[in-house]
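1. take this sequence and fold it.
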Amino acid sequence: MAPNQPCAKYQYVLTSSTPKIVPVPDQESKDEESPADYNAGGYLVVRIGDTFKNGRYIVARKLGWGHFSTVWLVKDTHENSYSALKVVKSATRYIETARDEIKLLSQVAAANLCHPGRSHIVSFLDSFDHRGPEDTHVCIVFEPLGETLLALIQRNKKKGVSQALVKVIAKQVLLGLQYLHDECDLVHTDIKPENILISIPDVEAHIHAELSISPKPTSFHVGIPQPTKSRSGMTIPYRHTLHSKRHVQIFDSQPLSSPSSRSGSVSASASIRSLHKHFSGTTPVSDVPINQLLKNSARTEPAVIPHNPPIPSSSPSTSSNTSSMLSAPAAPDSVVSTPPTSVGSADIHVLTKMASMTLMNSSLDPKLVLHPDTASVKTFEEQPSVSPLIRSHASSEIHHITSGPSLLTQTAPREFSAPSHDQDASSGVPTQGAPLFMPISIKIADLGNATPSKQHFTEDIQTRQYRAPEAILGRRDWGTRADVWSVACVIFELLTAEYLFDPHGQGELFTKDDDHMAQIIELMGDFPLDAKMGGRYSREIFDHTGALRYIKTLKPWPLNRVMTEKYLFSTSDASDLCAFLEPMLAVDQKERKEVRDIVDHLWLDVKDEEWIGVDGW
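-> This next block holds a predicted model:
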C-alpha cells in the first residue's frame with residue numbers, strides 16, 4: 001500500500017468579486033526562510049548594507065538562516081574585522097531563549113580558557129538589542145566560521161569521509177564537549193553535523209578574497225502571507241489583515257567556503273603531518289603563525305596575527321537603515337534582477353586554496369612546488385542518496401513483519417565501494433602516508449539549546465536521528481551522556497554518509513519512537529527493565545515485561561557485522577571502531593561512557609598509513 005500523501009493546504013481569500021480558495025505555497029521546499037515568518041513576532045527584514053549597533057556592524061551578505069534567526073556576515077567597523085551576526089525573531093519565546101543563550105555563552109567564554117577544548121567552541125563576541133520597525137530583536141555576534149560537517153558529509157556521500165579525517169574531527173568534538181561538560185557543567189543537547197562547523201585559518205584574508213570575487217548577492221521579492229488561523233483543514237486570514245499587502249526581499253544564503261587544501265608536495269609532508277598531530281585537538285589553526293608550517297623555509301611571509309575578540313558586551317541598538325516593509329500593491333512573486341548566482345562552486349573552491357597558496361609564496365626547496373590545481377577542493381558529482389543503515393519498520397512490507405530477512409539486512413546495498421580509508425595509494429599521494437593538506441579544525445556551535453546538567457530548561461531534547469534512548473523514553477534523569485550518544489551517531493554518519501538511526505512511524509500501527517527504540521535494540525541488543533521504565537513515554541513503548549508493545553519481531557544486526565557486511569570494513573578496522581563506539585552507544589545511560597573516559601581512546605590515534613589515499617577534505 002502506498003504511503004499516505006501529505007494533505008494539501010488551502011487559503012480562503014476574499015477578493016473584490018468573490019471569495020476564492022487557493023493553494024498555499026509549500027514553503028518547506030524552499031532553500032530559504034518562509035516569507036510567512038516575516039509577520040509580527042518573526043524575522044527582522046535585513047538588507048545588504050544595513051547597519052546595527054549605531055553603525056558598528058555593516059551587513060555584507062547572508063550566511064544562512066534557521067527556525068529562530070537569520071545569520072549575516074557583517075563588518076565590525078570598530079575592530080576592522082568580520083563577524084557573524086545572528087538576528088533572532090522577535091516573539092517573546094524567542095527573545096527569552098536568546099537571552100538564556102547569551103547567559104550560557106558568557107559562562108562558556110569565562111570558564112577555563114586553558115582547557116584544550118575551549119578552542120573547539122565557537123567564540124561569542126557581542127550581544128545587543130536592535131529596535132526594528134515593529135519589534136525589538138536580540139542580536140548575537142560570533143566569530144565567522146566555514147561550512148558545517150553536513151556539507152563535508154554531502155561532498156563524500158559515495159564513500160564517507162576518510163577514517164583518518166574522522167578521527168581528527170572526533171577528537172576535537174570530544175575535547176569541545178569535555179570543556180562544556182566538565183568546565184561549564186552544560187549539556188549541549190543538539191549535537192549533529194549541522195552544529196559543528198569548520199574553522200577558517202586566516203579568516204580575514206579568506207573573507208576579503210571571497211568577497212572580492214563574489215557577485216552581488218541574489219535575492220527575490222515575495223509576498224508576505226497574511227497571518228492565519230486554522231479551521232477544518234483550511235487556513236483563514238484574520239480580517240484586519242485582509243487588505244494588508246506587503247512584500248519582503250529574501251536573500252540567498254552564501255555560507256563561507258572552507259579552506260580545504262590539497263598539496264602536491266611530497267617533501268612538505270613532514271611539516272603537514274606534524275600539524276595534524278598538533279591540531280588533533282589543542283589549538284585552532286588560526287592561532288599558529290604560518291612560519292610554523294614551514295620549518296625548512298629560508299623565508300616566510302609575515303604571520304597574520306589573529307584578531308583577539310573584545311570582551312562580550314551587551315548594549316541597546318537603535319540605529320539601522322533597514323527600510324520598512326514594502327506596502328506596494330500585491331503582485332505575483334517575482335525575482336529581483338540580480339546576478340544569476342552568488343559565488344559559483346568552482347570559484348569557491350579556488351578561494352579555499354589560500355592556505356596552500358601561502359605555502360607557495362614561501363621560498364622553499366625548488367622541489368616543493370604546490371600547484372594551484374592540486375590545492376583546490378575535490379568536487380564530487382552528485383550521487384543518489386543512499387538509504388539509511390536501518391530502514392524503518394514502516395516499509396511497504398509491514399504486513400510481513402513476522403517473517404523475511406532482518407529489517408537491517410533489507411537495506412544492505414548490492415554493491416558498496418570499500419570505505420575511503422582502505423583505498424590504495426593509486427591517487428598519486430606518496431605512500432609514506434603523510435597528509436598533504438592543511439589540517440582540519442572544527443568548532444561546536446549553536447548553544448541555544450544547551451542546559452545545565454542537573455537543572456534542565458526542557459525535557460524535549462536532541463534532533464531525532466541523534467536522540468539518546470533516555471530522551472526517547474522521556475526520562476528526566478538525562479545528563480551529559482546524552483551528548484555522547486549523539487557524537488557516536490555523528491561519527492558513524494561521517495564514516496558512512498548515512499544515518500545510524502532514521503526511524504519512521506506507520507500510522508496507527510506504531511510511532512517513530514517505537515521504530516527508533518526497535519532499531520536501537522536491533523543494533524545494540526536489549527537492555528535492563530529499570531532503564532526502560534521511568535520515562536514519560538515508557539509505558540507507551542514497552543509493556544510491563546519490558547517487551548516492545550507494538551513491534552514484536554526484531555532481527556538483530558550488531559554494529560560489528562554492519563560495518564563488515566554493509567560497509568566492507570576489514571575485520572580489524574570494524575573491531576577497533578566498535579571498541580570505540582559501542583561504549584558510547586550503551587543503551588542504559590548508566591553504562592555509557594562520559595566524554596572524559598573516551599577522549600584519549602586509542603581509536604582516535606591516527607596512524608601514518610591511514611592518510612594514504614586521502615587527498616583533502
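2. how's this structure carved up into domains?
-> Here the domain parsing of the chain from automatic domain parsing is 8-142+218-251+307-330, 184-191+384-434+452-611.
3. which one of those domains lies closest to Asp202?
-> Of all the domains of the chain, domain 8-142+218-251+307-330 sits nearest to Asp202, with 10.4 Å by Cβ to Cβ. Yep, even glycine has a C-beta here, placed from its N, CA and C like the rest.
4. so how far is Val168 from Lys158?
-> Here the distance between Lys158 and Val168 works out to 21 Å (Cβ to Cβ, to the nearest Å).
5. looking at the two, which is more packed in?
-> Counted by other Cβ atoms under 10 Å, Lys158 and Val168 do not tie: Val168 has more neighbours, with 23 against 15.
6. mind giving me the packing neighbours of the helix or strand harbouring the more buried one?
-> Secondary structure from DSSP states H and E places Val168 in helix 163-178. Contacting helix 163-178 under the criterion 3 or more Cβ pairs under 8 Å, 6 or more residues apart in numbering; DSSP states H and E are the following elements: strand 442-444, helix 481-496, helix 595-598.
7. how about low-confidence regions in the protein?
-> The model of the chain has pLDDT under 70 over residues 1-30, 228-245, 260-438.
8. what about the longest helix in it?
-> Longest helix in the chain by number of residues (criterion: DSSP state H): helix 92-110.
9. helix, strand, or coil at Val138?
-> Here Val138 is recorded as strand under DSSP: H, G, I helix; E, B strand; the rest coil.
10. quick check: Ile191 touching Leu177?
-> Yes: Ile191 lies in contact with Leu177 (Cβ atoms under 8 Å); the separation is 7.4 Å.
11. quickly list what's touching both of these two.
-> Here Ile191 and Leu177 have Ile444, Asp483, Val487 as joint contacts, going by Cβ atoms under 8 Å, 6 or more residues apart in numbering.
12. can you tell me which of those has the most neighbours?
-> Going by other Cβ under 10 Å, Asp483 tops the shared contacts of Ile191 and Leu177 with 31 neighbours.
13. thought Leu186 was touching it, still the case?
-> No: Asp483 lies out of contact with Leu186 (Cβ under 8 Å); the separation is 9.4 Å.
14. quickly list what's touching both of those two.
-> Joint contacts of Asp483 and Leu186 (Cβ under 8 Å, 6+ apart) are Leu180.
15. surely Asp127 is within a helix?
-> I think there's a mix-up here, since residue 127 is Ser and not Asp. No: if the criterion is three-state DSSP, then Ser127 is strand and not within a helix.
16. burial check on it, number of neighbours?
-> With other Cβ under 10 Å as criterion, Ser127 counts 23.
17. partner residues bridging it?
-> Beta bridges link Ser127 to Ile140, Ser314, judged by DSSP bridges.
18. tell me which of the domains of the chain lies nearest to Thr148.
-> Nearest to Thr148 among the domains of the chain is domain 8-142+218-251+307-330; the distance by Cβ to Cβ comes to 9.2 Å.
19. for Gly223, see how far away Lys171 is.
-> 49 Å.
20. touching, Arg475 and Lys532? I think so.
-> No: at 9.7 Å, Arg475 and Lys532 do not qualify as touching, with contact defined as Cβ under 8 Å.
21. so between the two, which is more surrounded?
-> Lys532 (24 against 21).
22. how close does the more buried one get to Ile461?
-> Distance of Lys532 to Ile461, given as Cβ to Cβ: 19 Å.
23. what does Gly223 give?
-> 36 Å.
24. who has more neighbours, the two?
-> Neighbour tally, Gly223 and Ile461, criterion other Cβ under 10 Å: the higher count belongs to Ile461, 22 against 18.
25. helix or strand: which one has the nearest residue to the more buried one once chain neighbours are set aside?
-> Among residues not flanking Ile461 along the chain, Thr189 sits closest, at 4.1 Å (Cβ to Cβ, 6 or more residues apart in numbering). Assigned by DSSP H and E, Thr189 belongs to no helix or strand.
26. how about Thr189, what does it touch?
-> Applying Cβ under 8 Å, 6+ apart, the residues near Thr189 are Asn449, Ala450, Thr451, Ile461, Gln462, Ala482, Asp483.
27. which ones among the residues you listed are found in helices?
-> Short answer: the contacts of Thr189 in helices (DSSP H) are Ala482, Asp483.
28. ok, how many other residues are close to Asp460?
-> By other Cβ under 10 Å, the residues close to Asp460 number 11.
29. helix, strand or coil for the nearest residue in space to it that is not next to it in sequence?
-> Nearest residue to Asp460 in three dimensions, chain neighbours excluded: Ala471, at 8.0 Å (Cβ to Cβ, 6+ apart). Secondary structure assignment for Ala471 (three-state DSSP): helix.
30. Ala471 contacts Arg464, correct?
-> No: checked against Cβ under 8 Å, the pair Ala471 and Arg464 is beyond contact range at 9.9 Å.
31. who has more neighbours out of those two?
-> Ala471 (22 against 15).
32. distance of the closest residue to Leu581 other than its chain neighbours relative to Ile224?
-> Sequence neighbours aside, Ala488 is the residue nearest to Leu581 in space, at 5.1 Å (criterion: Cβ to Cβ, 6+ apart). Ala488 is 42 Å from Ile224, where distance means Cβ to Cβ.
33. how about Ile440?
-> As defined by Cβ to Cβ, Ile440 lies at a distance of 41 Å from Ile224.
34. more neighbours: which of those two?
-> Of the pair Ile440 and Ile224, Ile440 is the one with more neighbours under other Cβ under 10 Å, namely 26 against 22.
35. what about that one, which helix or strand?
-> Using DSSP H and E, no helix or strand contains Ile440.
36. and it, what does it touch?
-> By Cβ under 8 Å, 6+ apart, the contact list for Ile440 reads Leu165, Val168, Ile169, Ile198, Phe279, Trp617.
37. any idea which of the residues you listed is closest to Ser81?
-> Distance to Ser81, by Cβ to Cβ, is smallest for Ile198 among the contacts of Ile440, at 18.8 Å.
38. okay, and the beta partners of the closest one?
-> Bridge pairing for Ile198 - DSSP bridges - gives Ile442.
39. how many neighbours does it have?
-> Neighbours of Ile198 using other Cβ under 10 Å come to 23.
40. got a list of what it touches?
-> Ile198 is in contact with Leu145, Gly146, Glu147, Thr148, Leu149, Leu152, Ser258, Ile440, Ser441, Ile442, Lys443, counting by Cβ under 8 Å, 6+ apart.
41. can you lay out the residues you listed as CSV showing distance to Gly507?
-> Below are those laid out as CSV (distance: Cβ to Cβ, whole Å):
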residue, distance to Gly507
Leu145, 41
Gly146, 42
Glu147, 38
Thr148, 34
Leu149, 34
Leu152, 36
Ser258, 42
Ile440, 43
Ser441, 46
Ile442, 40
Lys443, 41
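42. and the residues you listed, which of them are buried?
-> Neighbour counting with 16 or more other Cβ atoms under 10 Å marks Leu145, Gly146, Glu147, Thr148, Leu149, Leu152, Ser258, Ile440, Ser441, Ile442, Lys443 as buried within the contacts of Ile198.
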